[in-house]
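# I need the structure of the sequence given here:
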Amino acid sequence: MNRSTLILGTGVLALTWVVAAWDTPLKTLWPVIVALTLVVITRRAFWGLLIGAFAGSVILCNGNPWQAYLELLSRHLAPSLSSSWKMGAILFTLVLGGFAAVLHEGTGFQTMLHLFVGKRTNAARRFQAAAAGLGIICFFDGLANSMLVGRVGKDMAEKCGVSRVKLAYIVDSTSSAVACVAFVSTWIAYQLSMIKEGFRMAGRDVNPYLIFVKSIPYNFYCWFTLVMLFVSIFRRFNPGPMHRFENEARALNTPMAEAPTLFAGKGAGVHSVLIPLITLISLFFLGFYVLGTTGPKWPVTAEKIARAFGSNAGPLVLVLSSLIATCIAILLFPSRKDGYLLQGVLAFKEGVQSLMGPIFILVAAWIIGSVLGELKTAEYFSSVMSRTDAAVLIPSLIFITGSLISFSTGTSWGTMGILFPLAIPIAATACRAGDPAWQETYLQISVAAVFSGAVFGDHCSPFSDTTIISSISCDVEPHDHIRTQIPFALITAVITVFFGFLPAGLGLPSLVLLSAGALFLMFLPTLLHRFNSSLSARREFE
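Alright, predicted model coming up:
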């Protein structure tokens, strides 16, 4: 914590002492206000969430800061650390971070990109599609994706006539958006934890993994981001400043006489990437079924699969599958130098260390969620919402609120930590008049709205780690990356509201909405071209 954050936190806690002595509904909302204000001002999700939690504990202890400190440790932190699911989430996140680092350092992804592009014609489009495909293959971690694909592709981009800012857009669009909807990623443990926390505050005991899976079709911003990416590649749709950068890159392009050399010496084969990934995914699903199914395992039925994913085997399966996949990745690490196994272990260590910061954010989110539960913040919001008839708008409002928070702070995990304990209880109250099936669907839409809003800021905020890392890995100025990416993000966000969450709140099926939004995005370049042509013709006539 730096000096400015310390001074700001002290001032906030002084105000908290005043609020604690004041009989007002503001007490219930104060931790949220404190956390959100500090995260926006300091851009530090961990300290914002932690100080917000402490402020709430001070209120619960009637203004006694020492008692609040003890309560924060004993009542709000200790239960989280004693939970097998939450400890499994921490271990899985750290192990998978190391797994991603091992694959990155092994150069197998470089080999894959080299093979995808080859020496064929239409190198620019082929390179962009290959970079996007490689980003999707790196589904397991957003930051690893940003660093890996950018590093691998930046030199080849210029040889293919693609600007580096366009590569940065491709890299950024396949990082968080893919990790957020992936079945196995460094995000999944945190996402499941936040789902469980949100539903707990709504008074519901759910299987978080099944809720996550059912929310995936409603995660409109992530899906439309990927559709927009491929429309940009195959329709050469480059709105805003990106158009100029791409024209300059094409003007400087010289046809490749031969495929570029991506690395010197002996590089890794494609198998060094595919085998660990296939192992990870296979063990994940197999482990859930074997360890989570009681009684005979054969024959396999949908009912047994559902019960398996609803079992308590989750923490053990997540950790074991990622550990075994990591061991295989280290064994397949290319022997470019002596002691290659040691290089793989060192890469794993660096990957684990890179995720220590997000782990602290995860723990802080658990703490503030516990504090908000005792303050009955969710019940207060629910009572306010019950006086209105705005159920149709709530998913869209959750998405917009999440987008504003994530863009202002640059943290998707911090946004989830703030929103989940509030959004799910509000949504549960808003839909309580509907039939049970619609209630479940409505809550799944609300879960997806939180995820979509959190990814928006992670995608284009000037303060987002993935935004900055995407620009650095592609060797472009962050300012150029942000200003060329924001037009894509804003167009996608608008379509997310009007083709996604707004009609979803009315009960339209996700498949229909995804299809309609995708078709609109596909025809958008043509519509804009005709509009510009019509506008130009009118100006000439005048």
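# quick one, longest helix in the chain?
helix 510-541 (DSSP state H).
# In that one, which of the residues would be classed as buried?
Buried residues in helix 510-541, counted by 16 or more other C-beta atoms under 10 Å: S510, L513, L514, A516, G517, A518, L521, M522, L524, P525. Yep, even glycine has a C-beta here, placed from its N, CA and C like the rest.
# Can I get the residues you listed in JSON lines including distance to V152 and pLDDT?
Shown next, in JSON lines, are the buried residues of helix 510-541 (distance: C-beta to C-beta, whole Å; pLDDT from 0 to 100):
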{"residue": "S510", "distance to V152": "34", "pLDDT": "95"}
{"residue": "L513", "distance to V152": "35", "pLDDT": "96"}
{"residue": "L514", "distance to V152": "30", "pLDDT": "96"}
{"residue": "A516", "distance to V152": "35", "pLDDT": "96"}
{"residue": "G517", "distance to V152": "31", "pLDDT": "96"}
{"residue": "A518", "distance to V152": "28", "pLDDT": "96"}
{"residue": "L521", "distance to V152": "27", "pLDDT": "95"}
{"residue": "M522", "distance to V152": "29", "pLDDT": "94"}
{"residue": "L524", "distance to V152": "30", "pLDDT": "93"}
{"residue": "P525", "distance to V152": "28", "pLDDT": "91"}
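# Out of the residues you listed, the closest to P487 would be?
Using C-beta to C-beta, L524 is the member of the buried residues of helix 510-541 that lies nearest P487, at 11.8 Å.
# hang on, isn't the closest one packed against F224?
No. With contact defined as C-beta atoms under 8 Å, L524 does not reach F224; the gap is 11.1 Å.
# Show me what the mean pLDDT comes to for stretch 391-404.
Mean pLDDT, computed over stretch 391-404, is 89.
# what residues does it touch?
221, 385, 390, 415, 419, 423, 426-427, 430-431, 442, 445-446, 448-450, 452-454, 456-457, 493, 496-497, 500-502, 504-506 (C-beta atoms under 8 Å, 6 or more residues apart in numbering).
# go again using 7 Å as the cut-off
For stretch 391-404, the external contacting residues (C-beta atoms under 7 Å, 6 or more residues apart in numbering) are 415, 419, 423, 426-427, 430-431, 445-446, 449-450, 452-454, 456-457, 493, 496-497, 501-502, 504-506.
# Can you tell me the element the residue nearest to I281 when sequence neighbours are not counted falls in?
Closest residue in space to I281, ignoring its immediate chain neighbours: V184 at 6.1 Å, by C-beta to C-beta, 6 or more residues apart in numbering. Take DSSP states H and E as the rule and V184 turns out to sit in neither a helix nor a strand.
# Just the pLDDT for V184.
72.
# Same question for S370.
Reported pLDDT for S370: 82.
# And it, how far from F54?
12 Å (C-beta to C-beta, to the nearest Å).
# host element of the residue nearest to F488 when sequence neighbours are not counted?
Spatially, and ignoring its direct neighbours in sequence, F488 is nearest to M228 (5.7 Å; C-beta to C-beta, 6+ apart). Secondary-structure assignment from DSSP H and E places M228 in helix 220-234.
# tell me which residues in that helix are buried?
220-233.
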